[in-house]
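Chemist: Next input, structure requested:
(one chain, ligands or ions: 1)
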Amino acid sequence: MTTDKSTSKNDILFARAQQTTPGGVNSPVRAFRSVGGTPRFITRAEGPYFWDADGKRYIDYIGSWGPAIVGHAHPKVIKAVQDAAANGLSFGAPTEGEIEIAEEICKLVPSIEQVRLVSSGTEATMSALRLARGATGRDKIVKFEGCYHGHADSLLVKAGSGLLTFGNPTSAGVPEDFVKHTLVLDYNNVPQLEDAFESMGDTIACVIVEPVAGNMNLIRAAPEFLQRMRELCTEHGAVLIFDEVMCGFRVGLGGAQEMYGITPDLTALGKVIGGGLPVAAFGGRADLMQKMAPLGPVYQAGTLSGNPVAVAAGMTTLKLVQEPGFYEKLGAAAERLVKGLTEAAQEADIPFCGDAVGGMFGFYFSNSVPSTYAQMMAGDKERFNRFFHGMLDEGVYFAPAMFEAGFVSAQHDDAVIDETIEAARRVFKRIA
Ligand code: PLP
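Modeler: Below you'll find the model as predicted:
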């Protein structure tokens, strides 16, 4: 369905939203700044689809940026939320549901011996950093260019101008004094990581990494990169933090750490563990976690942490992903999508390739799958943008920026994927 721009409810809502909300959105990527055009205002979602304010249906490949792994509005998740809500929304006192989800997380992710629930991925990584600093008594942290860990001050940092120099803020309002403790290195660059530990290893509190990166499109860590990182952290007494907010319960049941067979000291989780409501967590070695208040000196808290309604959604989602064959099916859907898109692009002679890890996928307007931030940035952004809008017109919603990974849900069956590929075939021809 094509909608006349002047009467589109999305346009009307966007104009209205901008009156009271900066940029009209509550999280920047939703504003379509990277691709241009009007954001779609969503009215409802079900299974692999959502509908915008004009009543147009889209096949959704962002899945709320990861949480909607079982498909939107799954009846069991909705029922669990309704049941929990009927008992009251928030108590500010502990509940049995929090114990259950903590037990489930510890069971599914063996490196997590103890876990603390929070309400966003940002809180999870921010608290994990504080714990690493508190436990080691060191200030410096290492992160990698292109990895996003939420918007805490210490993490809004890009690489400095020289090798092994401390970073520059990527946001106004982040004090130099904070980022001078953050060293930003290249993803998948083992020699550089070794140099960093050689020159300042004994002052590094932690290394934080997305073990499968999903915030510079999809980029896999090379196994030797993570392996060496583990060794260097152990040798130098630094805490290894895997940020699995995106890839946890997404690339497989035990997350990226299970896939690579590498045990981090701390893990940050989010997205899937809330099933669409605000639950995130950080956890890991019990000796570290016991340094958290009220047991230890590292302070962290939250009025809505472990919220009973959110925990009910998360727990039900965690049960659903454990059904037999869940990840096989999810992985097959992402593979089918990437393969079909690549073939359709080849037919139109467009340089294009893709990759998928479990239920996460990336596609790139370039000849080879990137392994670094710089390679990813070299992709054809202009063509991506035309593809994005072409697909949107066709009723397929991919992430509105070339720098984001995509997600399938368990409800993206063969028919849905094939419909997407047929649409892509038409769009590739138009943008060839
Ligand atoms: N870490 C990673 C890897 C993420 O992808 C994100 C969000 O996309 C975050 C942390 C921050 O999570 P939140 O948006 O819930 O604060």
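Chemist: mind listing what the residue in the stretch 1-150 of the chain that the ligand sits nearest to touches?
Modeler: Using CB to the nearest ligand atom, the single residue of the stretch 1-150 of the chain nearest to the ligand is Gly121, 2.2 Å away. Heads up, the C-betas are built off the backbone N, CA and C, glycines and all. Gly121 makes contact with 149-150, 243, 245-246, 268-271, 280, according to CB atoms under 8 Å, 6 or more residues apart in numbering.
Chemist: Also near the ligand: which of the residues you listed, exactly?
Modeler: By CB under 6 Å from any ligand atom, the members of the contacts of Gly121 lying near the ligand are 149-150, 243, 245-246, 270, 280.
Chemist: For the helix or strand of the chain with the lowest mean pLDDT, which helices and strands make contact with it?
Modeler: Using mean pLDDT, DSSP states H and E, strand 168-169 stands out as the lowest-scoring helix or strand of the chain, at a mean of 84. Identification of packing neighbours for strand 168-169 by 3 or more CB pairs under 8 Å, 6 or more residues apart in numbering; DSSP states H and E yields strand 157-158, helix 176-179.
Chemist: From the contacts of Gly121, which land in strands?
Modeler: 243, 268-269, 280 (DSSP state E).
Chemist: Present these as JSON lines; the columns should include pLDDT and neighbour count.
Modeler: Listed next are the ones in strands among the contacts of Gly121 as JSON lines, based on pLDDT from 0 to 100; neighbours: other CB atoms under 10 Å:
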{"residue": "Asp243", "pLDDT": "98", "neighbour count": "32"}
{"residue": "Ala268", "pLDDT": "98", "neighbour count": "31"}
{"residue": "Leu269", "pLDDT": "98", "neighbour count": "30"}
{"residue": "Ala280", "pLDDT": "98", "neighbour count": "27"}
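Chemist: tell me which of the residues you listed is nearest to the ligand?
Modeler: Asp243 (4.6 Å).
Chemist: Tell me the secondary structure of the residue lying closest to Lys76 once chain neighbours are set aside, please.
Modeler: Nearest residue to Lys76, sequence neighbours excluded (CB to CB, 6 or more residues apart in numbering): Thr316, at 5.4 Å. Under DSSP: H, G, I helix; E, B strand; the rest coil, Thr316 falls in the helix class.
Chemist: Use 792 as the first number from now on
Modeler: Sure, I'll start counting at 792 from here, so that last one is Thr1107.
Chemist: got a pLDDT number for Thr1107?
Modeler: At Thr1107, the predicted lDDT confidence score is 98.
Chemist: Pull the number of nearby residues for it.
Modeler: Per other CB atoms under 10 Å, the neighbour tally for Thr1107 reads 20.
Chemist: which residues does it contact?
Modeler: With CB under 8 Å, 6+ apart, Thr1107 has these contacts: 865, 867-868, 871, 1066.
Chemist: go on, Ala1169?
Modeler: Taking CB under 8 Å, 6+ apart as the test, what Ala1169 contacts is 1157, 1161.
Chemist: pLDDT wise, what is it at?
Modeler: pLDDT at Ala1169 comes out at 92.
Chemist: So the chain: which segments form each domain?
Modeler: Domain ranges of the chain: 796-860+1115-1222, 866-1111, per automatic domain parsing.
Chemist: Would you mind finding the most buried of these?
Modeler: Comparing these by mean neighbour count (mean count of other CB atoms under 10 Å), domain 866-1111 comes out on top with a mean of 20.
Chemist: chain center to that one, what's the gap?
Modeler: Domain 866-1111 sits 11 Å away from the centroid of its parent chain (CA atoms, centre = their mean, to the nearest Å).
Chemist: Now do the end-to-end distance for it.
Modeler: 11 Å (CA to CA, to the nearest Å).
Chemist: again, but for stretch 891-911
Modeler: 19 Å.
Chemist: pLDDT on it, on average?
Modeler: 98.
Chemist: Stretch 1042-1058 too?
Modeler: 98.
Chemist: any residues touching that stretch, and which ones?
Modeler: 899-903, 919, 922-923, 997, 1002-1003, 1012, 1014, 1017-1018, 1021, 1024, 1030-1035, 1038-1040, 1060, 1073-1076, 1079, 1112-1113, 1117-1118, 1148-1151.
Chemist: let's see 7 Å
Modeler: 899-900, 902-903, 919, 922-923, 1002-1003, 1014, 1017-1018, 1021, 1030-1033, 1035, 1038-1040, 1073-1076, 1079, 1112-1113, 1118, 1148-1149, 1151 (CB atoms under 7 Å, 6 or more residues apart in numbering).
Chemist: so where do the strands sit in the stretch 992-1141 of the chain?
Modeler: 995-1000, 1003-1004, 1010-1011, 1030-1034, 1057-1060, 1071-1075 (DSSP state E, counting those that start in this stretch).
Chemist: Quick check: closest non-adjacent residue to the residue most central in space within the chain.
Modeler: Geometric centre of the chain, nearest residue: Met1037, 3.1 Å, by CA atoms, centre = their mean. Nearest residue to Met1037 in three dimensions, chain neighbours excluded: Gly1005, at 4.2 Å (CB to CB, 6+ apart).
Chemist: Now for the one you found: which residues touch it?
Modeler: 1037-1038, 1151, 1196.
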